[in-house]
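*Asks:* make a model of this:
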Amino acid sequence: FFFQAEDGIRDIGVTGVQTCALPILEHHETAFQAEPRAEGRTVEVGMKRPRVDGIGQEVHVMVPGRVEGVLDAAGDGQQAIAEPVDEPFDSLGHLHEQGVAEHPEFDGRLRPQIRDVERRRLALEKAFAIAPELYTENYFRLAELEMRNAQYASAKTHYLRFLSYPNQNKQDCSEAQFKLSCVEFALKALKNPLKIEFANCGPEWNSPLNEYFPSLSANESQLIFTRRLNCSTCYSPYQEDVFLSQRDAMGQWNDARKIQELSSLGNEGAPCISSDAHYMFITVSQEIDGLYMGGKSKGFGSCDIFFTRNHNGVWTKPINLGSSINTAAWESQPCFSSDGKTLYFLRGKPQRNGSVREVDIYTSSLDSSGQFSIAQKLPATINTDRDEQSVFIHPDNQTLYFSSKGHPGMGGFDIFLSRKQPDGTWSIPQNLG
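*Replies:* Residues are numbered from 1 along each chain as shown. Down below sits the predicted model:
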């Protein structure tokens with residue numbers, strides 16, 4: 001074990017224990033149990049680590065001051081932090097932990113102490129300045145933080161530094177290689193920035209709440225979108241509903257109103273209005289009782305896509321599109337082509353924590369009888385082993401816009417376009433810059 005004290009790095013030199021920074025203790029080791037106890041001006045840290053023969057080996061270390069953020073690899077939820085004492089003390093390992101806490105690659109065993117990205121980055125830089133070879137995996141973590149901060153040149157340096165060490169995690173190595181391709185794109189893109197101006201659409205559509213997933217009718221007279229409302233009587237603190245704003249004869253937009261006939265105590269959103277504004281596709285979330293639309297409809301699981309018609313200014317009861325489109329997976333964000341023939345949407349795997357992974361773009365076409373075909377995933381030209389989102393088919397029915405984490409870009413989700421070729425294939429996606 002190494003700790004940083006006022007007089008420099010101190011090697012405690014524990015026999016029989018792999019030398020590493022105390023709070024990190026190799027995050028993939030699940031058998032550690034840290035049990036710190038404060039006594040006077042020292043902290044006793046006891047750890048058990050199984051040997052190959054399965055017999056536990058226990059050691060105790062006495063260190064000055066306070067030990068913070070000790071890894072709870074056993075995952076039992078107990079806070080493994082000693083009580084503070086008066087003598088100031090900073091551990092090198094704690095600097096590493098500050099740098100990697102909350103990193104999405106970790107599985108929750110590392111207790112999150114630092115949430116601010118810049119503070120985490122500075123903690124890792126400080127740790128590497130003291131001992132650059134101690135925990136080389138964290139060069140990847142540092143590069144990831146720099147990527148988040150758009151510090152592309154530094155990220156490139158640290159991805160390469162990470163890859164220069166042998167026996168690194170294969171998944172991290174693959175991710176580092178991909179991120180290097182993103183860095184190269186970003187550095188070139190920054191030399192040729194696009195001149196684009198963004199303007200707020202005004203109070204008719206926007207509010208202090210969140211608005212998203214807009215859909216505009218072909219004649220540009222109606223805008224439908226999702227708004228997330230605060231709700232004290234719903235199944236969760238928030239509720240998504242579909243809102244509508246219309247343009248009057250003078251060309252002015254009226255204040256958006258909730259479409260009451262499409263609203264329930266659950267979540268309805270991500271609408272797509274047809275080009276003639278006569279019908280609409282919406283996403284409806286499964287509720288606690290397993291039903292949809294406030295118990296009025298059944299579905300297949302998670303989020304399903306529903307269909308509704310406008311009849312004399314009133315939207316009909318939404319109907320589930322059925323098993324050709326919906327499954328036990330998460331289906332959402334529909335987009336219907338202007339020729340009224342093809343539906344594009346997203347499908348992903350819902351997780352227990354509420355997130356969705358492995359999100360891809362699917363498509364289904366209407367046959368001569370008006371039934372949707374079994375949905376098919378778009379090819380690997382479009383979909384990647386990372387997530388795709390926000391699919392939109394241009395009114396020309398040939399240009400597909402979408403966001404993706406899996407094509408080289410500035411980091412995270414970037415917006416891409418791909419054009420359908422005469423033979424029906426899709427072109428290599430182009431990053432919009």
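*Asks:* what number of residues lie near residue 385?
*Replies:* Residue 385 has 11 neighbouring residues, counting by other CB atoms under 10 Å. Using the backbone N, CA and C atoms, a C-beta is placed for each residue, glycine as well.
*Asks:* which stretches in the stretch 51-200 of the chain count as strands?
*Replies:* Under the criterion DSSP state E, counting those that start in this stretch, the stretch 51-200 of the chain contains strands at 56-64.
*Asks:* just checking, next helix/strand downstream of the lengthiest helix in the chain?
*Replies:* Looking across the chain with DSSP state H, the single longest helix is helix 170-191. Once the chain leaves helix 170-191, the next helix or strand it forms, by DSSP states H and E, is strand 210-216.
*Asks:* distance between the helix or strand immediately after that following strand in the chain and the chain's centre?
*Replies:* The helix or strand immediately downstream of strand 210-216 is strand 222-230, counting by DSSP H and E. From the chain centre to the centre of strand 222-230 is a distance of 22 Å (CA atoms, centre = their mean, to the nearest Å).
*Asks:* likewise for stretch 222-235?
*Replies:* Mean-position distance between stretch 222-235 and its chain equals 22 Å (CA atoms, centre = their mean).
*Asks:* and if you look at stretch 340-360?
*Replies:* Using CA atoms, centre = their mean, the offset of stretch 340-360 from its chain centre is 13 Å.
*Asks:* that stretch: which residues count as buried?
*Replies:* 342-348, 350, 356, 359-360 (16 or more other CB atoms under 10 Å).
*Asks:* which residues are contacting it?
*Replies:* For stretch 340-360, the external contacting residues (CB atoms under 8 Å, 6 or more residues apart in numbering) are 274-275, 281, 302, 305, 325, 327, 329-337, 361-366, 372, 375, 377-378, 383, 387-389, 391-393, 397, 400.
*Asks:* now that stretch: mean pLDDT?
*Replies:* Across stretch 340-360, the average pLDDT comes to 94.
*Asks:* quote the end-to-end distance of that stretch.
*Replies:* 22 Å (CA to CA, to the nearest Å).
*Asks:* just to revisit the earlier point, and the buried residues of stretch 340-360, which is closest to residue 315?
*Replies:* Among those, residue 343 lies closest to residue 315 (CB to CB), at 18.2 Å.
*Asks:* pretty sure that closest one is in a strand, no?
*Replies:* Yes. Under DSSP: H, G, I helix; E, B strand; the rest coil, residue 343 falls within a strand.
*Asks:* measure it to residue 359 for me?
*Replies:* Using CB to CB, to the nearest Å, residue 343 is found at 16 Å from residue 359.
*Asks:* same question for residue 171.
*Replies:* 19 Å.
*Asks:* can you list the helices and strands that the longest helix of the chain packs against?
*Replies:* If you count contacts as 3 or more CB pairs under 8 Å, 6 or more residues apart in numbering; DSSP states H and E, helix 170-191 packs onto helix 138-148, helix 152-163.
*Asks:* one more time with 6 Å, if that's ok
*Replies:* If contacts are counted by 3 or more CB pairs under 6 Å, 6 or more residues apart in numbering; DSSP states H and E, helix 170-191 sits against helix 152-163.
*Asks:* pLDDT of the helix it packs on, averaged?
*Replies:* 97.
*Asks:* what sits up against it?
*Replies:* 139-140, 142-143, 146-147, 176, 179-180, 183, 186-187 (CB atoms under 6 Å, 6 or more residues apart in numbering).
*Asks:* let's see it at 10 Å
*Replies:* Outside of helix 152-163, the residues within contact range by CB atoms under 10 Å, 6 or more residues apart in numbering are 121, 124-125, 128, 132, 136-149, 151, 168-169, 172-173, 175-180, 182-187, 189-190, 410-411.
*Asks:* give me the buried positions along it.
*Replies:* Within helix 152-163, the residues that count as buried by 16+ other CB under 10 Å are 152, 154-159, 161-163.
*Asks:* circling back: tell me the one of the buried residues of stretch 340-360 nearest residue 242?
*Replies:* residue 345 (16.2 Å).
*Asks:* write the PyMOL selection for whichever of the contacts of stretch 340-360 are buried.
*Replies:* Buried residues among the contacts of stretch 340-360 (16+ other CB under 10 Å), as a PyMOL selection:
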select buried, resi 274+281+302+305+325+329+330+331+332+333+334+335+336+337+361+362+363+364+366+372+375+378+383+387+388+389+391+392+393+400
